[in-house]
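Peer 1: How does the following fold in three dimensions:
(chains A and B)
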Amino acid sequence: DTGVSQDPRHKITKRGQNVTFRCDPISEHNRLYWYRQTLGQGPEFLTYFQNEAQLEKSRLLSDRFSAERPKGSFSTLEIQRTEQGDSAMYLCASGSAQETQYFGPGTRLLVL
Amino acid sequence: EDQVTQSPEALRLQEGESSSLNCSYTVSGLRGLFWYRQDPGKGPEFLFTLYSAGEEKEKERLKATLTKKESFLHITAPKPEDSATYLCAVQGNAGNNRKLIWGLGTSLAVNP
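Peer 2: Alright, predicted model coming up:
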């Protein structure tokens, strides 16, 4: 299967802890996106990379969130000092110049 | 401000009972309109991309159409396995913006 993969699929953490998620995009895609989704809502944009460059970051994100894509391939999303409001499904998508975004299975985060 | 509104919020059909889902949008120049299917606990699964008014795309029992203000997802003779949440998203062509603006989705249940 050459689709988008995400790891871990589930994460339970205590409030105040740091967590890191990984996304491996479809190999030939140069664009990578992170979204957050809560129950009953559509995905909410977090950030976007083209190759290794982070071109856009939602102003809704606090400084506790950071994302990297060091070699233009896989990406990581880190949340520092997690809060209960961070509990959500974190989705990664990749795409090319044709604009369609293909999503991974998501990482479900629960902050206790 | 770019916005997407989907209706109805929920739809229950009998197997074989055809219907349509609506996606109304406002965007400052449409780069693309996207339809996705999402099953509980999973990432969105890509269905269609539409780029210009008058365009239509078809896949099995699904057909998507686009006008300058809205898109319809027509479901012909649905089966229980078509039960899912159907999400609509748009991408505007302002600058280098690549993020998708999402609707809240239509939750479809098809009874056997």
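
Peer 1: Any stretches of the chain with poor pLDDT?
Peer 2: Looking at chain A here, since you left the chain open. Applying pLDDT under 70 to chain A flags residues A:1.

Peer 1: Oops, wrong one, chain B.
Peer 2: B:95-97.

Peer 1: all strands of it, in order?
Peer 2: Assigned by DSSP state E, the strands in chain B fall at B:3-7, B:10-14, B:19-26, B:30-38, B:45-50, B:56-59, B:62-66, B:70-75, B:84-92, B:101-102, B:106-111.

Peer 1: out of those, which comes closest to chain A?
Peer 2: Nearest of these to chain A, taken as CB to the nearest CB: strand B:101-102 at 3.0 Å. Where C-beta positions appear, they are placed from N, C-alpha and C, glycine not excepted.

Peer 1: Name the residues of chain B found near chain A, please.
Peer 2: Proximity of chain B to chain A (CB under 8 Å from any CB of the partner chain) is limited to residues B:4, B:31-32, B:34, B:36, B:41-46, B:49, B:87, B:89, B:91, B:96-100, B:102-105.

Peer 1: Is the residue in chain A positioned nearest to chain B in a helix, a strand, or coil?
Peer 2: Residue nearest to chain B within chain A (CB to the nearest CB): A:Gly42, separated by 3.0 Å. Under DSSP: H, G, I helix; E, B strand; the rest coil, A:Gly42 falls in the coil class.

Peer 1: Could I get the contacting residues of it?
Peer 2: A:Gly42 is in contact with B:Val4, B:Leu87, B:Ala89, B:Trp102, B:Gly103, B:Leu104, B:Gly105, counting by CB atoms under 8 Å, 6 or more residues apart in numbering or on different chains.

Peer 1: cool, A:Phe65 as well?
Peer 2: A:Leu46, A:Leu77, A:Glu78, A:Ile79, A:Gln80.
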